[in-house]
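Chemist: dropping the sequence and predicted coords here.
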Amino acid sequence: MVSAHTSESSDVRDGIIAVGQRIMASKGFSAVGINEILTAASVPKGSFYHYFGSKDAFGEAMLTAYFTQYHAEMDATLGRTAGSQAERLMAYFLAWREGQSLQDCQGKCLAVKLGAEVADLSEAMRAAMKLGTAGIVSRLAQAIAAGQADHSLGVQTEPAELAESLYQLWMGASVMAKIARNAQPFDVALGATRRLLQLPG
């Protein structure tokens, strides 16, 4: 049985992480200080160091929480029973386009925002990013293999290789969308995705 104190403690920790995700998805990791996060979360500074030993440890926990939620949402989209596997795959990429196109992505674009930055700052955060993105690629590969099995995908490319290509395509599109400040790179990525999966336009 979980005690009320443990539950409250977990809520405070989760709240700090959620606020950090939202702010850092907008500003980046280095540009955001601990005080800014704690002020936005209405949490005293001592509480931060109760849950996290350092800003890097916070970054690692934040990325781990982000990918845990991301993987769960991905599983829900790719694992639903309605439609073919090909349709579920395209629903995932359409949801990516929708979430990343928002000016204030509310933490949804954390991997895109922090990817290159934290890989050079912290080995722990780089490892968390590597593990999280590998989970995304693995799920895409499983979905592609399932689409080949149910014949909604006619593409013969090895699923893991195709999944890696698609993820890199969409990560690149996300960066270009930030530069262009419009959704045109996502439209290009959608067209390329349909061609790679050999789906009708």
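Modeler: All right, it came through fine. As the structure is a prediction and not an experimental result, all values here were calculated from the model. Numbers count the residues shown, from 1 in each chain.
Chemist: which stretches of this protein have low pLDDT?
Modeler: Counting by pLDDT under 70, the chain has low-confidence residues at 1-8, 101-108, 201.
Chemist: need the strands for it, in chain order.
Modeler: Using DSSP state E, no strands are found in the chain.
Chemist: what are the buried residues along the longest helix seen in it?
Modeler: The residue-count maximum for a helix in the chain (DSSP state H) belongs to helix 123-149. Using 16 or more other C-beta atoms under 10 Å as the test for burial, helix 123-149 gives 124-126, 128-129, 132-133, 135-137, 139-148. C-betas here are computed from N, CA, C, even on glycine.
Chemist: for it, packing partners?
Modeler: Contacts defined by 3 or more C-beta pairs under 8 Å, 6 or more residues apart in numbering; DSSP states H and E place helix 123-149 against helix 55-78, helix 85-100, helix 110-121, helix 159-180.
Chemist: tell me who's in contact with the closest residue to G135 other than its chain neighbours.
Modeler: Closest residue to G135 apart from its sequence neighbours, by C-beta to C-beta, 6 or more residues apart in numbering: H71 at 5.2 Å. Neighbouring residues of H71 by C-beta atoms under 8 Å, 6 or more residues apart in numbering: G132, G135, I136, R139.
Chemist: can you check Y49 too?
Modeler: Residues counted as contacts of Y49 (C-beta under 8 Å, 6+ apart): none.
Chemist: can you tell me how far it is from A183?
Modeler: Separation of Y49 from A183 (C-beta to C-beta, to the nearest Å) stands at 41 Å.
Chemist: how about R97?
Modeler: For R97, the distance to A183 - C-beta to C-beta - is 7 Å.
Chemist: more crowded one of these two?
Modeler: Ranked by neighbour count (other C-beta atoms under 10 Å), R97 and A183 place R97 first, with 19 against 16.
Chemist: burial count for the residue nearest to that one when sequence neighbours are not counted?
Modeler: Among residues not flanking R97 along the chain, F186 sits closest, at 4.2 Å (C-beta to C-beta, 6+ apart). If you count neighbours by other C-beta under 10 Å, F186 ends up with 23.
Chemist: swap in the one 3 residues further on?
Modeler: By the criterion of other C-beta under 10 Å, A189 has 23 neighbours.
Chemist: good, wrapping up.
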